[in-house]
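In: just to be clear, the model below is a prediction. Sequence and coordinates:
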Amino acid sequence: MGSGIEFGLPLSVICKQPVAINNSCPALRKIYLLEFHPSLGMAACVRRALEHAYSELCHTHRPRTADGSIDLEKQLLHLAIAKWAAMDKHDSPYSLQVQRDLFAGVFIEDPLFVRDVGRSFIEAAEEGEGRAGAERQTFVLHAFCRLLEIVTLRYRLLEAASHTAILAQLYKSVAVQMGFDEFHLYLRPVQFEFASHKDKADQPPPVFITSLLEDDSSIDRYTPSCLPLAIQEVDENHIGKFSFRTKEAVLQLMARSGVANLQVALACQTVQKNSLTVAVQQALLCSVDKAAIAMETMDGVLGYRGRDHPTGTSGASTARECESKQPPTTVGTARPLPNQRQRSAVRKRLPEAFVSIQLEKVAPRDLMLNRFLQKKNTAGSIVKNAVEMEKIKRELICDFCSR
């Protein structure tokens, strides 16, 4: 057991030199870098991802010798390095406005600017109300807690949006391979103020997307030029309107119900990220039909037996002779195995495994808009209040996310 002063501190499991997060305050205790920036701990996931990719490649190409396995691993590492060097920024799929308001760290990532925002908010609040003693200390504490909450929510929203951009690219690639278009990823925005009542809004989406191949009139072919944030598909004018780029924008988030709005925006983005994760995983796990598996297995067995010499030569020596006759491979391509082109032609992803994000979200969205119209008709003048309007919208959007 350590001393009482060490209670609650992270375990010192990282045997590196501690760093000071702020040189202007030497009294602060130095900590380890991964304890200050938890996202750096995700670097360990790169190795697990490479190991998983290598196992999938071995399952697909089935190298028959140790040299073939080593060659396949080298090509995977070379391809990973090339992809890493040519990696685009995660904010590139989004619009320039979203890049400036959310991803740009010109203002919000500067600790001195953030400190000035907190002081300005406290000074503006003290001009109208006189606080002294413990009441002022409590107000100052709550103000800076709210500011830290805004910074944390922005970081979590930025991380979820970055993951969504990567998953969206994978979703589009899988959709093309399964014979579908990318408009299944998008939901046409319908603002609360311009919504109309939808009949049969509680109708669930079809179990299999193939049931709509003959009649796809229920599918909207809306395709925006840029990837929108999830909250922008639901409400872009109020809840989805925020910025971290200027002092005035951050003060608006602190003065009004900005924290609650950011929490709702984060919930929408998390739901979008989880939906894409499930859709991509289902499509990749249900990738080959039984006919393709049977033909691929029979092709591998016949190809292996066909290489046996009638004079009794062992299969291992014959495989080494075939391997020595193969031409060298290039980076990014696997060693060509016997009849690999035929197997790739037969391999096909099951269209029944495709999940339309649009169809999964349109029914809950229509129910949300119908409930808003009911509240608007019954509440009357209460809905005209901007604060009450945002409160009702937050409740409805949270219910939409839970569906």
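Out: The structure has been received and is ready for your questions. Numbers count the residues shown, from 1 in each chain.

In: which stretches of the chain form helices?
Out: 33-36, 44-61, 66-85, 96-98, 111-128, 134-177, 247-255, 258-285, 290-306, 315-325, 340-346, 357-379, 386-402 (DSSP state H).

In: quick one, which of those is packed in tightest?
Out: helix 258-285 (a mean of 19; mean count of other Cβ atoms under 10 Å). Any C-beta I mention is one placed from the backbone N, CA and C, and that applies to glycine too.

In: make CSV out of the helices of the chain and add mean pLDDT.
Out: Formatted as CSV, the helices of the chain follow (pLDDT from 0 to 100):
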stretch, mean pLDDT
helix 33-36, 56
helix 44-61, 88
helix 66-85, 92
helix 96-98, 92
helix 111-128, 85
helix 134-177, 89
helix 247-255, 88
helix 258-285, 90
helix 290-306, 45
helix 315-325, 42
helix 340-346, 39
helix 357-379, 86
helix 386-402, 85
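
In: reformat those as a markdown table; add distance to Thr223.
Out: Output for the helices of the chain, formatted as a markdown table (distance: least, Cβ to Cβ, whole Å):
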| stretch | distance to Thr223 |
| --- | --- |
| helix 33-36 | 41 |
| helix 44-61 | 30 |
| helix 66-85 | 26 |
| helix 96-98 | 17 |
| helix 111-128 | 38 |
| helix 134-177 | 11 |
| helix 247-255 | 30 |
| helix 258-285 | 16 |
| helix 290-306 | 31 |
| helix 315-325 | 47 |
| helix 340-346 | 29 |
| helix 357-379 | 11 |
| helix 386-402 | 22 |
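
In: okay, now the domains of this structure?
Out: 1-53, 96-287+351-402 (automatic domain parsing).

In: which one of those domains lies nearest to Trp84?
Out: domain 1-53 (8.9 Å; Cβ to Cβ).

In: quick one, what contacts the spatially closest residue to Ala255 that is not a sequence neighbour?
Out: Leaving aside its sequence neighbours, Ala255 sits nearest to Phe121 (Cβ to Cβ, 6 or more residues apart in numbering; 7.2 Å). Phe121 makes contact with Ala143, Leu147, Leu251, Met254, Ala255, according to Cβ atoms under 8 Å, 6 or more residues apart in numbering.

In: now these in a markdown table, with distance to Gln281?
Out: As requested, the contacts of Phe121 are exported to a markdown table (distance: Cβ to Cβ, whole Å):
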| residue | distance to Gln281 |
| --- | --- |
| Ala143 | 43 |
| Leu147 | 38 |
| Leu251 | 42 |
| Met254 | 39 |
| Ala255 | 42 |
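
In: what is the nearest of those residues to Ala160?
Out: Scanning those for proximity to Ala160, where the rule is Cβ to Cβ, the winner is Leu147, at 20.7 Å.

In: wait, doesn't the closest one sit right on Val117?
Out: Yes: counting by Cβ atoms under 8 Å, Val117 is a contact partner of Leu147 at 6.5 Å.

In: what touches both of the two?
Out: Val250, Met254.

In: now do the same end-to-end measure for stretch 84-102.
Out: 24 Å (Cα to Cα, to the nearest Å).

In: can you list contacts of it?
Out: Contacts for stretch 84-102 (Cβ under 8 Å, 6+ apart): 103, 154, 157-158, 161-162, 165-166, 168-169, 225-229, 242-245, 249.

In: hmm, 7 Å instead?
Out: The contact list for stretch 84-102 (Cβ atoms under 7 Å, 6 or more residues apart in numbering) reads 103, 157-158, 161-162, 165-166, 168, 226-227, 229, 242-245.

In: and what of stretch 178-189?
Out: Applying Cβ under 7 Å, 6+ apart, the set of residues contacting stretch 178-189 is 168, 171-172, 175, 220-224, 232-233, 236, 283, 349, 351, 354, 356-358, 361-362, 365.

In: also stretch 151-166?
Out: 90, 93, 102-103, 108, 114, 227, 229, 244, 259, 262-263, 265-266, 269-270, 272-273, 276.

In: ok, 6 Å please
Out: Applying Cβ atoms under 6 Å, 6 or more residues apart in numbering, the external contacts of stretch 151-166 come out as His90, Pro93, Phe244, Leu262, Leu266, Gln269, Thr270, Gln272, Lys273.

In: pick the one among the contacts of Phe121 closest to Arg64.
Out: Closest to Arg64, out of all of the contacts of Phe121 and judged by Cβ to Cβ, is Leu147, at 61.1 Å.

In: Ser275 and Ala160, how far apart?
Out: 12 Å (Cβ to Cβ, to the nearest Å).

In: scratch that, Val362
Out: 22 Å.

In: quick one on the thing from earlier: columns distance to His61 on top of the domains of the chain, output as CSV?
Out: Formatted as CSV, the domains of the chain follow (distance: least, Cβ to Cβ, whole Å):
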stretch, distance to His61
domain 1-53, 12
domain 96-287+351-402, 15
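
In: Leu77 is nearest to which of these?
Out: domain 1-53 (7.3 Å).

In: list the contacts of Ile239.
Out: Contacts of Ile239 (Cβ under 6 Å, 6+ apart): Ile231, Asn261, Val264, Lys393.

In: now those as CSV including distance to Ile70?
Out: What follows is these, written out as CSV (distance: Cβ to Cβ, whole Å):
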residue, distance to Ile70
Ile231, 48
Asn261, 54
Val264, 51
Lys393, 58
